[in-house]
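Participant: quick one, fold the following:
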Amino acid sequence: MRRKIPTTVALAAFESAARHQSFTKAAHELSVTQSAVCRQIGVLEDLLGVKLFRRSKRGVTLTEAGAGYARSVRSRLDEMERDTLELMANGAQGTSLDLAVVPTFATNWLLPRLAGFRRTHPHIVVNLTASTRPFLFEDSAVDAAIYAGEASWPGTQGHFLMRENLIAVASPALIAPRKALTASQVARLPLLQQSTRPHAWRDWFQSQGLDVENDLAGPRLELFSMLARAAIHGMGVSLIPKFLVESELETGSLVQVVDHDYLSDRSYYLIHPQRKGGDRQALAAFREWIELEARQYREPMGLG
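Facilitator: As a prediction, the model looks like this:
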């Protein structure tokens, strides 16, 4: 029986028009005429028996049905494009793995080790995208994620990598001529805040038996990489996972201002949909590799 599936030409025209809310812009993007876009969308609407756009003298807008269908079509086209590019790039000789990773972890911990995975698995291409928050796997083309928090995403399986060890760091110029401070002295300096963790400083101070009034005050920055750069430039003191600033501590551009390592309530996990856990050899190989790398890193430091 013939499938009731629109042509990719019609779907591509619809997706572009829906994204731009314009037939003219879609035509320009696809290098076709506006009448060709109108014709393809008309064919699609006839097949579906549903109006996807409202037409007016001022242009077009998606109907409610059209908006929902656009999200679905965009996701499917993205997946088709990813699979096509993967096959074009690797042919029959290999496969690829798409990972969403918290940015600073990817840059400072994963990438320096990824060449080792490539040497032992030359047929697997690992693609990285940055992600700082949980997402729905079914709405993305991502195979797995490395996330700091709890492994509690619905319909997923989590693999523990390491606990998060926070240290207070600053430019040596900020605390000169001293080389180290007490927690009480840190409380009198500008505290750089991570916007997604408003109580990080409060938890750090309380782990040392201190209640500080201004623990929520200070500039708020989203990423650890921003906090590190702000600290290097003398803007204040940052709380950052130790493994993310190891090179800065070695070069002396940052110093640990208090001899206190704080194990936060967060951990790093490799997370993937349960349906992809056992049926993808590339993911299984990567999981085995990163679990070993993480274990070799965390055990000497007591992060596990």
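Participant: what about residue 290, how many residues nearby?
Facilitator: For residue 290, the number of neighbouring residues by other CB atoms under 10 Å comes to 21. Glycine gets a C-beta too; all of them are placed from N, C-alpha and C.
Participant: is it in contact with residue 161, as I believe?
Facilitator: Yes: with contact defined as CB atoms under 8 Å, residue 290 and residue 161 form a contacting pair (6.7 Å).
Participant: can you pull the residues that touch both of the two?
Facilitator: Residues touching both residue 290 and residue 161 (CB atoms under 8 Å, 6 or more residues apart in numbering) are 146, 270.
Participant: how far away from the center of its chain is the helix or strand residue 83 falls within?
Facilitator: Element membership of residue 83 [criterion: DSSP states H and E] is helix 64-90. Relative to the chain's own centre, helix 64-90 is displaced by 20 Å; criterion: CA atoms, centre = their mean, to the nearest Å.
Participant: quick check: mean pLDDT of that helix?
Facilitator: Across helix 64-90, the average pLDDT comes to 81.
Participant: list the buried residues in it.
Facilitator: Within helix 64-90, the residues that count as buried by 16 or more other CB atoms under 10 Å are 66, 69-70, 73-74, 77, 82, 86.
Participant: distance to residue 192 added to those, as TSV?
Facilitator: What follows is the buried residues of helix 64-90, written out as TSV (distance: CB to CB, whole Å):
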residue	distance to residue 192
66	45
69	45
70	41
73	43
74	38
77	41
82	38
86	41
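Participant: wait, which of those is closest to residue 101?
Facilitator: Ranking the buried residues of helix 64-90 by separation from residue 101, with CB to CB as the measure, puts residue 82 on top at 17.1 Å.
Participant: what's near enough to touch residue 67?
Facilitator: residue 18.
Participant: and for the one 3 residues further on?
Facilitator: Residue 70 makes contact with 14-15, 18-19, 52, 62 under the criterion CB under 8 Å, 6+ apart.
Participant: distance of it relative to residue 40?
Facilitator: In this structure, residue 70 and residue 40 are separated by 14 Å, where distance is defined by CB to CB, to the nearest Å.
Participant: just curious, which of the contacts of residue 70 is nearest to residue 98?
Facilitator: residue 15 (20.3 Å).
Participant: low-confidence stretches in the stretch 1-150 of the chain?
Facilitator: Screening the stretch 1-150 of the chain residue by residue with the criterion pLDDT under 70, one finds the ranges 1, 86-94, 132-141.
Participant: can you map out the strands along it?
Facilitator: With DSSP state E, counting those that start in this stretch applied, the stretch 1-150 of the chain shows strands at 53-56, 59-62, 95-101, 124-130, 144-149, listed in chain order.
Participant: pull out the buried positions in the first one.
Facilitator: Going by neighbour count (16+ other CB under 10 Å), the buried part of strand 53-56 is residue 53.
Participant: give the partner strands of that strand in its sheet and their orientations.
Facilitator: Here strand 53-56 has these sheet partners by DSSP bridges: strand 59-62 (antiparallel).
Participant: mind listing what's buried in the partner strand?
Facilitator: With burial defined by 16+ other CB under 10 Å, the residues of strand 59-62 counted as buried are 60, 62.
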